[in-house]
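>>> Based on what follows, work out the 3D shape:
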Amino acid sequence: MIRCLTYNIRHARGLDGRIAPERIAAVVAACAPDVVALQEVDCGRVRTGGLDQAAEIARILGMRHHFHPALETEGELYGDAILTRLPSRLVKAGPLPGHPRRPHLEARGALWVEVEAGVQRLQVINTHLGLSGHERIVQAEALLGPDWLGHPACRAPLILLGDLNATPWSRAYRRLAARLTDARHLADETAGGATFPTRWPALRLDHVFVGAGVGVARLAVIRGGLTGIASDHLPLLAEIEIGAGTAAERATREPALDVG
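Down below sits the predicted model:
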């Protein structure tokens, strides 16, 4: 079982206005994840005291981190991170295309890390898609293309997770769901649905998609305690099993007991 968490941390600025990466680390620690995908992470930015937030949160958690700055302005960085205690290596980090007629929209990117889970090598891609419906379609297509999910090295087992800014009825979500499987549809157990906004969750913007050969034992929106104030999104936790399917699929593979 591998516990994977995706969490948009809003540069660790809580609903009380306080910037507290240690509070984000406490939320993450309470979930006991093996792999963590963070979005909206600052590094060297004046607004957050120049701190390398990914490094600091990883230090508190005793994890290794990988960071990709989707946005860089005068030496200030802002982007996505993957943290893990498991052996890992960075495969790719890079930008995603934006809206061709709206070049001033916030830059977006993705981060691909290979994680060693026992004898298996899990491909993990973390991303944060744009606010415009058109740019999300372009970005989803890029993720499905030869540079990312369509790359020969991105073979099963794999997982795509992050803040997609897309509800399940959006075109971008449907495009991704045509190739991958929403973990919610495989989960033997689910808890909660919407992840945004924190105080009155109404939208399911944060998602976990899995490829072939990955089962999902549980998918849960984490609520309570510090999650209610640490960020404007709630964290989403998926407990995945490599080389497994749903409970029904597993039952069809298991031999029937002889009760005669």
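
>>> Where does residue 176 fall, secondary structure wise?
Following DSSP states H and E, the helix or strand that holds residue 176 is helix 171-177.

>>> Quick check: buried residues in that helix?
Within helix 171-177, the residues that qualify as buried are 172-173, 175-176, counting by 16 or more other CB atoms under 10 Å. For glycine as for every other residue, the C-beta is placed from the backbone atoms N, C-alpha and C.

>>> can you check stretch 206-221 too?
206-211, 214-221.

>>> Would you map the strands across the stretch 101-250 of the chain?
Along the stretch 101-250 of the chain, counting by DSSP state E, counting those that start in this stretch, strands occupy 108-117, 120-128, 158-163, 181-182, 189-191, 206-210, 214-221, 236-242.

>>> how far away is the closest residue in space to residue 110 that isn't next to it in sequence from residue 136?
In space, and not counting its chain neighbours, residue 110 is closest to residue 127: 4.1 Å by CB to CB, 6 or more residues apart in numbering. From residue 127 over to residue 136 the distance is 10 Å, taken as CB to CB, to the nearest Å.

>>> who touches both of the two?
Counting by CB atoms under 8 Å, 6 or more residues apart in numbering, the residues touching both residue 127 and residue 136 are residue 164.

>>> related to what we said a few turns ago, can you name the residues in contact with the helix holding residue 176?
With contact meaning CB under 8 Å, 6+ apart, helix 171-177 is reached by 129, 133, 136-137, 139-141, 143-144, 160, 164, 166-168, 207, 209.

>>> before we move on, back to that, a markdown table for the buried residues of helix 171-177, including pLDDT?
Converted to a markdown table, these look like this (pLDDT from 0 to 100):
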| residue | pLDDT |
| --- | --- |
| 172 | 98 |
| 173 | 98 |
| 175 | 98 |
| 176 | 98 |
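
>>> Tell me the one of these nearest residue 199?
Residue 199 has its nearest neighbour among the buried residues of helix 171-177 in residue 173, at 23.7 Å by CB to CB.

>>> Doesn't residue 92 lie inside a strand?
Yes - assessed by DSSP: H, G, I helix; E, B strand; the rest coil, residue 92 belongs to a strand.

>>> any low-confidence regions in the stretch 1-150 of the chain?
For the stretch 1-150 of the chain, no stretch is flagged by pLDDT under 70.

>>> got the contact list for the closest residue to residue 99 other than its chain neighbours?
Once flanking residues are discounted, residue 99 sits nearest to residue 135: 4.1 Å by CB to CB, 6+ apart. Each residue near residue 135 by CB under 8 Å, 6+ apart is listed here: 97-99, 102, 105, 108, 129.

>>> Can you say which of these are buried?
Judged by 16+ other CB under 10 Å, buried ones among the contacts of residue 135: 98-99, 108, 129.

>>> Including distance to residue 24, could those go into JSON lines?
Formatted as JSON lines, those follow (distance: CB to CB, whole Å):
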{"residue": "98", "distance to residue 24": "27"}
{"residue": "99", "distance to residue 24": "30"}
{"residue": "108", "distance to residue 24": "21"}
{"residue": "129", "distance to residue 24": "21"}
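
>>> Would you point out the most distant pair within those?
Maximum pairwise distance among those (CB to CB): 11.7 Å, between 99 and 129.

>>> Show me what the nearest residue to residue 192 once chain neighbours are set aside is bridged to.
In this structure, residue 192 finds its nearest non-sequential neighbour in residue 221, 3.2 Å apart by CB to CB, 6+ apart. Assessed by DSSP bridges, residue 221 has beta-bridge partners residue 236.

>>> Would you agree residue 221 is in contact with residue 196?
No - taking CB atoms under 8 Å as the definition, residue 221 is not a contact partner of residue 196, at 10.0 Å.
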